[in-house]
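Novice: curious how this folds, go ahead:
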Amino acid sequence: MIGVLVTLLVTGLSPSPAQSTNLRRKVYRLIERTRERHGLPALHLDRDLSRYCRRHTRQMVSQNRLFHSTDLVGKVRRYNANWWGENVGYAQTAKRLRYLWMHSPGHRANILNRHFHHIGVGVVRGRGWVWSTTIFYG
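Specialist: You can find the predicted model right below:
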């Protein structure tokens with residue numbers, strides 16, 4: 001899903017808040033457009049959950065590896081969610097990340113799940129890549 005990593009480009013883990021917000025918006029919009037093309041309703045962007053997703057993404061960048069949230073059930077339980085899912089990944093661009101997710105059955109299923117009504121999005125540019133955690137619930 002990710003490709004071969006030949007060289008690591010070590011960059012700061014803290015882009016400006018505006019850069020992080022712009023990347024988050026871009027990933028969110030890409031997911032929304034995808035759902036719209038498939039006749040699905042828009043997802044409400046949950047800012048609290050997005051902060052959690054950003055922290056998780058920063059941890060992945062700092063450890064230079066992908067991993068899912070270990071406390072996802074506890075996190076979404078407070079929202080009285082019956083359905084939830086999580087996508088993590090990294091790619092050269094936000095568009096490429098969406099492409100990779102849509103070509104992975106589990107990630108695609110999360111993006112196109114009709115039971116999801118809310119989303120948290122965390123995006124960090126680090127080590128030469130765009131990293132993201134998205135959590136869906138409904």
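
Novice: show me which residues of stretch 107-126 are buried.
Specialist: By 16 or more other C-beta atoms under 10 Å, the buried positions in stretch 107-126 come out as 107, 110-113, 116-126. (Each C-beta comes from the backbone N, C-alpha and C, glycine too.)

Novice: what's the helix or strand for the closest residue in space to residue 66 that isn't next to it in sequence?
Specialist: Distances taken as C-beta to C-beta, 6 or more residues apart in numbering put residue 88 closest to residue 66, at 5.1 Å, once the chain neighbours are dropped. Taking DSSP states H and E as the criterion, residue 88 maps to strand 84-91.

Novice: give me the below-cutoff pLDDT ranges for the chain.
Specialist: For the chain, the stretches with pLDDT under 70 are 1-19.

Novice: can you give me the strands in it?
Specialist: Here the chain has its strands, by DSSP state E, at 44-45, 84-91, 118-126, 129-137.

Novice: would TSV of these with distance to residue 61 be doable?
Specialist: Shown next, in TSV, are the strands of the chain (distance: least, C-beta to C-beta, whole Å):
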stretch	distance to residue 61
strand 44-45	22
strand 84-91	8
strand 118-126	4
strand 129-137	5
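
Novice: okay, and the beta partners of the residue lying closest to residue 51 once chain neighbours are set aside?
Specialist: With C-beta to C-beta, 6+ apart as the criterion, residue 51 has its nearest non-adjacent residue at 7.5 Å, and that residue is residue 122. For residue 122, the beta-bridge partners under DSSP bridges are residue 133.

Novice: which one of the buried residues of stretch 107-126 sits closest to residue 62?
Specialist: residue 126 (8.0 Å; C-beta to C-beta).

Novice: so that closest one bridges to which residues?
Specialist: For residue 126, the beta-bridge partners are residue 129 (DSSP bridges).

Novice: where's it relative to residue 58, distance?
Specialist: 8 Å (C-beta to C-beta, to the nearest Å).

Novice: cool, residue 45 as well?
Specialist: Distance from residue 45 to residue 58, by C-beta to C-beta: 19 Å.

Novice: got the angle for the top helix by length along the chain vs strand 84-91?
Specialist: Ranked by residue count under DSSP state H, the longest helix found in the chain is helix 17-37. Angle between the axes of helix 17-37 and strand 84-91 is 120 degrees (criterion: axes from the mean of the first three to the mean of the last three C-alpha atoms, to 10 degrees).

Novice: having no further points to raise, I will conclude here.
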